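**Student:** below is the structure, and that's it, no one-letter string:
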Ligand code: C5P
């Protein structure tokens, strides 16, 4: 079985509050999405890096991607939700059902070869697959009325899900096809009654969501 990456990049990034979609905001001399794509393209285990774009995307082709080599494959089949974009991409990619696919957020630019190496090594013989994730560091509060604390949640055993999320292409397509509202791939697999593995990552693989996150990413990328 081969290993491939699939990067959903059809979102609008509404929480960023900018006209230009989040994946194209300037970051360390490139559009944000460049950094994850460069790391994925440089990973020797990965055969293809599929990028799922909105059918209306008018930005991607405006950049020069030639320095990333020939692993990139564009799929203009983004949907209304992340799950829909990933499912459409999987169907269009025509991967073999037992190929592994690593689904990675365009908005996690600080992914490293070490993260990828660890994920692939820990999961390549796994019957289900799994995800990069980090144990929750903050104490967790449940908000009640007017943002008063209703209670403190037990953070013991709680992890924050990251990406890549690595599953067999056939299983993932089947899972996403029957999952209605999921915010990551693992949730769709869980809905089939399976238990994906948590592969320990760290906070540097965070998702750029708010404007201030760009500054932090810039510092890490330039470090
Ligand atoms: O908005 P959020 O940061 O959670 O999006 C996570 C990833 O999913 C991003 O890479 C975004 O471009 C992608 N996405 C997508 N299609 C959508 C919504 C989000 O490909 N309809």
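**Tutor:** Yep, it's here. Treat the numbers as computed from the prediction; the structure is a model and nothing was measured.
**Student:** gap between the lengthiest strand in the chain and the chain center?
**Tutor:** Of all the elements of type strand in the chain, the one with the most residues (DSSP state E) is strand 159-168. Taking Cα atoms, centre = their mean, to the nearest Å, one finds the center of strand 159-168 at 7 Å from the center of the full chain.
**Student:** mean confidence (pLDDT) on that strand, please.
**Tutor:** Across strand 159-168, the average pLDDT comes to 98.
**Student:** do that strand and the ligand come into contact?
**Tutor:** No. For strand 159-168, no contact with the ligand is found by Cβ under 6 Å from any ligand atom; the gap never falls below 8.2 Å. Backbone N, C-alpha and C define where each C-beta goes, glycine included.
**Student:** list the buried residues in that strand.
**Tutor:** With burial defined by 16 or more other Cβ atoms under 10 Å, the residues of strand 159-168 counted as buried are 160-168.
**Student:** and which of these is nearest residue 55?
**Tutor:** Sorting the buried residues of strand 159-168 by distance to residue 55 puts residue 163 at the head of the list, at 22.9 Å, by Cβ to Cβ.
**Student:** my guess is the closest one meets residue 105, correct?
**Tutor:** Yes. In this structure, residue 163 is within contact of residue 105 by Cβ atoms under 8 Å, at 4.8 Å.
**Student:** and stretch 163-178, how far from the chain's centre?
**Tutor:** That offset, for stretch 163-178, works out to 13 Å (Cα atoms, centre = their mean).
**Student:** now do stretch 43-53
**Tutor:** On the basis of Cα atoms, centre = their mean, stretch 43-53 is displaced by 12 Å from the centre of the chain it belongs to.
**Student:** just stretch 205-221 next, same as before
**Tutor:** Centroid separation for stretch 205-221 versus its chain: 15 Å, with Cα atoms, centre = their mean.
**Student:** could you pull out the buried residues of it?
**Tutor:** Using 16+ other Cβ under 10 Å, the residues of stretch 205-221 that count as buried are 205-208, 213-214, 217-218.
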